[in-house]
Structure formats: structure tokens, C-alpha cells
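Asker: everything below, folded, please.
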Amino acid sequence: MKLSVIILTYNSGEYLERCLNSVKWADEIIVIDSFSKDNTLELLNKFDVKLEQKEYLGYSRQLEYGIRKASNEWILVLDHDEELSPELISEIQNLDANSLSNYCGFEINRQVYFLGKWISHGGWYPDYQFRLFNKRKIKFNHLEVHGSVRPNGTAGKLQNKIYHYTYSNLFAYLERINSYTSLHVSERIDKNKKFKWYKLILNPLSTFLRMFIGQKGYKDKMQGFILALYSAIYNLVLYSKLWEYQYSAANKLELPPITVSDFQKQKSRV
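Answerer: As a prediction, the model looks like this:
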């Protein structure tokens, strides 16, 4: 199997070298960079990669662009803050022709490293992601925040892990909550979802109880509590922003930003 790896970057210097080291055995590495301002480009010079710079238009659209640039039929997608475990590298390298012909791609389990701990509960693990696939046997789901590549056929599962070094601190996590909840509002608007006041109360509460109690997040100690709590906060912020957008629209006020394009326009005005 000839393999192309696609990595999306933007100010990715903190983890990028670890990520690239785990895939340097691949036949081709394509990096789609959204005009990083840190040391990302300097780090890329240490590796044999094909660099493309492109304005960020959303995760799945950047990925689609990268796939069009790939020379090989089989694609592995890796985030800049992820790395392949040694066992997963060996498993991918040893996939036989029968497996490659029977499946359109493979889901890979991902484990998150959060505030100094590997997370094993709370709905965060196991976390199977469709990351290795034949580019001729996929379909795209273009959304503002949950855009993805999906199998167009039968997907298999690999046994070993991707390691995900997410959110180096709570400041970064809160920044992500702020941007993702705004983008998530656009998906609710597209589906004509109306704000309901009781969801502002019940949804955050049920999210916390499900993750911390039902999915045993308490076993991950303080990190598990924080993940359940911040997931509840995510839903609180999401429903608050949905109300804000619909109230603003109904009262002809300036609409808050809820798409990647809105963010780009706002950034250009600063």
C-alpha cells in the first residue's frame, strides 16, 4: 500500500514535530497550513513534506483540498496534535491486500491526554475515528464544526491507537469552547432548530450526569470531573448563543458570527 498522510496546521509548533516523526515512514506527507504565524513552517523544513498554504474554510473543506493533492489512493489523516503509536504503525504497514480490497477504510481508536492524564472514561474513550481510507470510496459531510469524511462502503477497525495531546491548558480549552459553540449554532440554524428555554437548563445537567456518572468519568478523577463539567458548559454556551442569534434576527440586531466566513470577516476588521 502506497500511503499519503494529510495534516492540517495552524500555529501548530507545540506538538507538530512529534506528529511528523510518527509518520515519516509514509510515502508522502502533505501539510495544508492556514498561514501559521509561529514556528510551524520552520519545523516543517526538518521533514520531507509537501506544503500547501490555504485560507482556512473549515476542517472538512481543508481536508478535501489536501486529498485532491495526494498522489496515492490510500490516505491517512492525522491532526497536528496527534501521533501514531508504534503498534499502530506496525499494524498499518502490515495490512494485507485482502483487507485493503474488502474495506473502503478503517476506524482507529484515539486516546486523549488531558492535563497530565490519559483519559479512559466519560465518553472520551474509546473514540473511534475514520482516519485511514481509500480516497475513491469516501464521501464528505461539510459542516462548520463537525465536518468529516465518511465511508462510502464497509469500514473495518484497527486494533491500536492514535494518541491525542489535546488542550495543553484550560485557557486553550475555553478558547475552543468559545469558537466551536458559535460554529455549532450555524448547524442548529441550518436544521431549523428553535431555542427552547428548558434545554438551557436540562441539557447541560444531563450532559454532566451522563459523562461523570453514567460513563464513569469519575474514574478519571479531577480530569474526568473537569471534562464532564466543561462539556456541560459547552451545551450551556451553545444554547445561550442559539437564543442570542435567534433573538438578534427577530429584532433586526447585528447578528453574531456563527460561520468560519464570519470569523474571517471579523478578523479582517480588527
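Asker: and residue 99, what does it touch?
Answerer: Remark: with contacts taken as CB atoms under 8 Å, 6 or more residues apart in numbering, residue 99 is in contact with residue 156. Yep, even glycine has a C-beta here, placed from its N, CA and C like the rest.
Asker: report the beta-bridge partner residues of the residue nearest to residue 118 when sequence neighbours are not counted.
Answerer: With CB to CB, 6 or more residues apart in numbering as the measure, residue 111 is the residue that lies nearest to residue 118, at 5.8 Å, once sequence neighbours are left out. As for beta bridges, residue 111 partners with residue 163 under DSSP bridges.
Asker: number of nearby residues for residue 111?
Answerer: Residue 111 has 17 neighbours, counted by other CB atoms under 10 Å.
Asker: and if you look at residue 227?
Answerer: Considering only other CB under 10 Å, residue 227 is surrounded by 25 other residues.
Asker: what does residue 72 give?
Answerer: Taking other CB under 10 Å as the criterion, the count of residues near residue 72 is 16.
Asker: over to the one 10 residues further on?
Answerer: Other residues within reach of residue 82 by the criterion other CB under 10 Å amount to 24.
Asker: what about the longest helix seen in the chain, average pLDDT?
Answerer: Under DSSP state H, the helix in the chain containing the largest number of residues is helix 221-250. Averaging pLDDT along helix 221-250 gives 97.
Asker: what comes up buried for the helix or strand following it?
Answerer: Counting by DSSP states H and E, the next helix or strand C-terminal to helix 221-250 is helix 260-269. Within helix 260-269, the residues scored as buried using 16 or more other CB atoms under 10 Å are 260, 262, 263.
Asker: before we move on, what about stretch 123-139?
Answerer: Judged by neighbour count (16+ other CB under 10 Å), stretch 123-139 contains these buried residues: 123, 124, 125, 127, 129, 130, 131, 132, 133, 134, 135, 138.
Asker: fine by me, we can end here.
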